[in-house]
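Peer 1: Predicted coordinates and the sequence they were generated for:
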Amino acid sequence: MRLGTAVVALLAVALVPMRSSAAPGALDPSFGNSGVVETIVGSAGSGAAAVVVQSDGRIVAAGVATSGGQPVFAILRYETDGALDSTFATGGIALTPIGTSAGAHALVLQGDGKLVAAGTATVGGVGMFALARYDAGGALDPGFGTGGIVTTPIAAASAVYSLALQSDGSIVAAGDCSDPGFKVALARYDSHGVLDSSFGTSGIVKTLVGSYSRATAMRRTAGDALVVVGVAESQFLLLRYDSDGNLDPSFGSGGVVNTPAAQYASVLYAIDVQSDSRLVVAGHVDDVLAVARYKANGTLDTSFGTNGIVTNVLDSQESYATSVLVQPNGYILASGVAIYGGIHGTFGGTGLRVARFNASGAIDTSFGSGGYAGSFISGDFGGTPAAMAFDPTGLIVAGSGSSSSVPDVLLVRFEVNVCGDAVREPPEECDDGNRTDGDGCDTNCTLTACGNGIVTSGEDCDGGECCRPDCTFAGGETACADDFRVCTDDQCDGAGHCAHVPNTAPCDDGNVCTGSDTCSGGICAGVSVVFCPACQYCVPSDGSCQDGPRSDCLTTLSDHSSKLLLAYDSADASKTLIKWSWSNGTQTLLSDLGDPTASDSYDVCFFNTGWKSHIPAGGLCGDKNCWSSASGTGFRFHDPSQSNHGVDRLQVRSGPDGRSQILMQAKGENIEYGTLFSELFLPVRFQLQRGQMCWDSTFSRTGNGSTTGTRQRVALVGH
């Protein structure tokens with residue numbers, strides 16, 4: 001049949017209205033063709049990236065399709081049996097072109113029945129956040145943005161990968177943007193699609209963790225807080241923002257959790273939130289599917305898996321998870337891809353797989369075959385899952401199929417034991433058709449009693465590391481779960497919480513470069529015992545000194561507080577210039593600066609270029625002292641002869657946070673610049689060092705540059 005410009009073929013849909021009684025993990029034969037529905041949309045590859053289930057059981061999938069020769073938003077709605085819903089848009093499908101290219105990655109269902117899809121669109125050559133809102137019939141909502149569409153240029157390239165609705169109806173989009181490199185990016189819109197100026201900066205929040213970070217999924221938690229997951233520096237990344245877009249300092253370190261879970265690469269693609277506020281995340285670790293659980297404060301939950309992380313190859317050589325859901329009974333479902341016959345990115349066959357784990361992270365062997373369901377291999381069925389959702393009768397997995405010649409939208413429905421459906425299935429102890437606590441069968445389908453994990457009348461607690469077997473709180477100073485940190489004593493606080501109290505015990509920080517290691521503030525740290533020459537650092541593993549920047553230097557308090565100007569004239573070396581400014585810096589005491597007028601020398605290090613300069617203490621520069629005191633807050637160096645590799649000025653000023661400052665200038669023929677101008681590869685580091693003190697700037701963004709005749713000029717902006 002023909003639907004506008006899109007040719008849609010629904011392959012082998014069997015309409016069987018009754019609910020199956022198959023075991024958990026089996027395909028539901030009442031859905032589509034023995035549990036599977038494939039829909040080819042448009043003239044080329046199509047696929048689903050998100051799925052929601054309406055209150056009436058109808059299923060909506062969002063993704064991409066090609067229409068009129070360009071990628072567009074594709075929204076499809078299905079009846080409960082897997083047939084396309086003919087009352088939605090055109091034959092069950094809404095195709096929305098935005099700019100010259102677009103694709104949807106996220107989908108939410110509003111309380112009024114309207115659907116908001118989001119992803120990316122290329123408009124005028126710029127990749128933008130793109131959102132579209134549809135009414136219950138699949139038409140674009142004219143009350144949202146412009147004709148139902150909103151595009152926001154966050155950077156030269158940006159994309160939305162997740163959406164969340166806040167309690168007031170605001171829509172928060174999370175993804176990434178190039179700035180350059182990649183940053184986590186969030187934007188909040190009101191119910192009409194207008195950026196909310198009370199959120200972040202003019203409605204937008206950008207967060208860089210390390211030199212590269214991306215957001216892949218987001219969930220709203222208590223108090224309209226937002227937890228975002230993704231990757232930073234090839235490590236698990238979790239961020240928590242308050243309702244207004246500020247990083248939450250009570251979560252991890254300043255709102256950031258960065259977990260080095262692998263030797264090579266680890267990425268998170270999905271998150272769900274348990275009823276006790278613990279965070280369940282999924283992705284991959286070194287080409288192996290991974291599920292991890294974190295406490296609400298961002299620390300790994302060591303009662304789950306191995307120190308909080310479970311890895312599983314899904315009976316294959318490689319695997320990764322794209323979605324995760326927590327069942328009402330605490331069991332965890334992870335959908336993912338298993339790769340067969342290929343290692344480390346070499347393609348073999350693929351299989352769509354769903355694994356189920358119990359609340360402690362062990363594989364649930366009662367689900368599917370030994371804990372796994374699916375196993376569709378390319379050439380047989382194939383498929384790449386992207387999202388999961390519960391419907392009234394089972395588990396929907398949506399993604400892209402590959403059993404036909406053209407990739408298609410894929411829906412698969414599995415049987416799962418859904419607590420509250422009045423059907424008792426293992427491992428449920430009971431199922432009374434509701435999810436009410438204290439009525440004999442509680443919300444997790446266990447019998448109401450001490451020990452079922454539900455706190456009911458007469459219980460202080462029910463389970464947990466500081467709860468006694470009689471469901472009363474353990475007394476204060478009772479030992480509780482070890483957080484595996486030598487610098488904390490693990491003990492219950494008498495109110496049901498496991499506290500990790502900092503101590504002052506001797507410790508070993510594992511760094512050969514330090515000695516006299518002692519715990520302080522919960523952290524093991526020592527004092528330096530290996531002192532490397534200027535512009536070198538001590539290697540913690542063996543104590544050797546290597547060329548490179550030092551860590552733990554003082555930095556500036558905000559982006560754009562450091563600037564670096566470079567100029568070079570190939571016809572006149574006297575016009576060569578290096579100018580570094582460091583302002584709005586962290587607190588620097590006058591004692592940190594030493595006394596360069598008499599005894600303390602300085603070194604300037606420009607890493608990745610080979611240029612550096614040693615500035616000795618004291619001395620005469622012409623007929624004047626090279627160094628002088630500056631109003632009792634710092635010191636000035638001035639050498640008109642520029643004998644120290646071109647440095648003619650250096651000014652250092654102490655002060656509280658935001659008031660300390662450094663200015664350095666080198667110019668002229670004495671600059672030994674090497675490849676400074678011809679091969680400048682970002683990022684670069686600039687440091688001023690005095691003994692073990694150091695001040696640092698990292699430059700990874702170009703401000704502006706120009707070339708005029710023989711003269712080249714480039715300005716870099718630090719962060």
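Peer 2: Arrived safely, thanks for sending. Numbers count the residues shown, from 1 in each chain.
Peer 1: For the stretch 1-150 of the chain, just list every one of the helices.
Peer 2: Taking DSSP state H, counting those that start in this stretch as the criterion, the stretch 1-150 of the chain contains no helices.
Peer 1: where does it have low pLDDT?
Peer 2: For the stretch 1-150 of the chain, the stretches with pLDDT under 70 are 1-22, 43-44.
Peer 1: Could you rerun that using 90?
Peer 2: Scanning the stretch 1-150 of the chain for pLDDT under 90 picks out 1-31, 33-47, 55-57, 66-70, 124-126.
Peer 1: did I read that right, Gly223 in a strand?
Peer 2: No: per DSSP: H, G, I helix; E, B strand; the rest coil, Gly223 lies outside any strand segment and is helix.
Peer 1: quick one: it from Thr708, how far?
Peer 2: 55 Å (CB to CB, to the nearest Å). Using the backbone N, CA and C atoms, a C-beta is placed for each residue, glycine as well.
Peer 1: before we move on, what about Val228?
Peer 2: For Val228, the distance to Thr708 - CB to CB - is 44 Å.
Peer 1: Between those two, tell me which one has more neighbours.
Peer 2: Val228 (30 against 8; other CB atoms under 10 Å).
Peer 1: and Ala359, how many neighbours?
Peer 2: Residues near Ala359, counting by other CB under 10 Å: 20.
Peer 1: cool, the one 4 residues further on as well?
Peer 2: Each residue near Ile363 was counted by other CB under 10 Å, and the total is 15.
Peer 1: which residues touch it?
Peer 2: Ile363 is in contact with 312, 355-357, 370-372, counting by CB atoms under 8 Å, 6 or more residues apart in numbering.
Peer 1: Same check on Arg356?
Peer 2: 24-25, 331-334, 363-364, 367-368, 371, 373, 416.
Peer 1: go with 7 Å
Peer 2: 331-333, 364, 367, 371 (CB atoms under 7 Å, 6 or more residues apart in numbering).
Peer 1: so where is the stretch 201-350 of the chain shaky, pLDDT-wise?
Peer 2: 210-214, 222-223, 231-235, 258-267, 275-276, 284-289, 311-321, 327-331, 335-350.
Peer 1: residue boundaries of the helices in it?
Peer 2: Using DSSP H, counting those that start in this stretch, helices in the stretch 201-350 of the chain do not occur.
Peer 1: Please, which helix or strand holds Val604?
Peer 2: strand 602-606 (DSSP states H and E).
Peer 1: tilt between the helix or strand following that strand and strand 602-606?
Peer 2: Moving toward the C-terminus from strand 602-606, the next helix or strand (DSSP H and E) is strand 611-615. Following axes from the mean of the first three to the mean of the last three CA atoms, to 10 degrees, one obtains 170 degrees for the angle between strand 611-615 and strand 602-606.
Peer 1: give the contact list for Gln54.
Peer 2: So Gln54 contacts 60, 109 (CB under 7 Å, 6+ apart).
Peer 1: and the gap between the residue nearest to Val326 when sequence neighbours are not counted and Arg659?
Peer 2: Leaving out its chain neighbours, the residue that sits closest to Val326 by CB to CB, 6 or more residues apart in numbering is Asp272, at 4.8 Å. Per CB to CB, Asp272 is found 45 Å from Arg659.
Peer 1: who's more crowded, these two?
Peer 2: Asp272 (20 against 15).
Peer 1: so the more buried one makes contact with Ser323?
Peer 2: No: Asp272 lies out of contact with Ser323 (CB atoms under 7 Å); the separation is 8.7 Å.
Peer 1: Find residues that contact each of those two.
Peer 2: What both Asp272 and Ser323 touch, as defined by CB under 7 Å, 6+ apart, is an empty set.
Peer 1: Three-state assignment for Tyr161, please.
Peer 2: Of the three states, Tyr161 takes strand under three-state DSSP.
Peer 1: For it, list the residues it contacts.
Peer 2: Taking CB under 7 Å, 6+ apart as the test, what Tyr161 contacts is 105-106, 174-175, 215-217.
Peer 1: where does the stretch 601-719 of the chain dip in pLDDT?
Peer 2: In the stretch 601-719 of the chain (pLDDT under 90), the answer is 606-611, 622, 630-632, 644-645, 657-658, 668-685, 692, 697-719.
Peer 1: Strands along that one, start to end?
Peer 2: With strands called from DSSP state E, counting those that start in this stretch, the stretch 601-719 of the chain shows them at 602-606, 611-615, 620-621, 624-625, 627-630, 634-638, 647-653, 660-667, 684-690, 693-708, 711-718.
Peer 1: Pull out the buried positions in stretch 327-341.
Peer 2: For stretch 327-341, burial by neighbour count (16 or more other CB atoms under 10 Å) applies to 327-340.
Peer 1: now for these, which pair is the farthest apart?
Peer 2: Pro328 and Tyr340 (33.2 Å; CB to CB).
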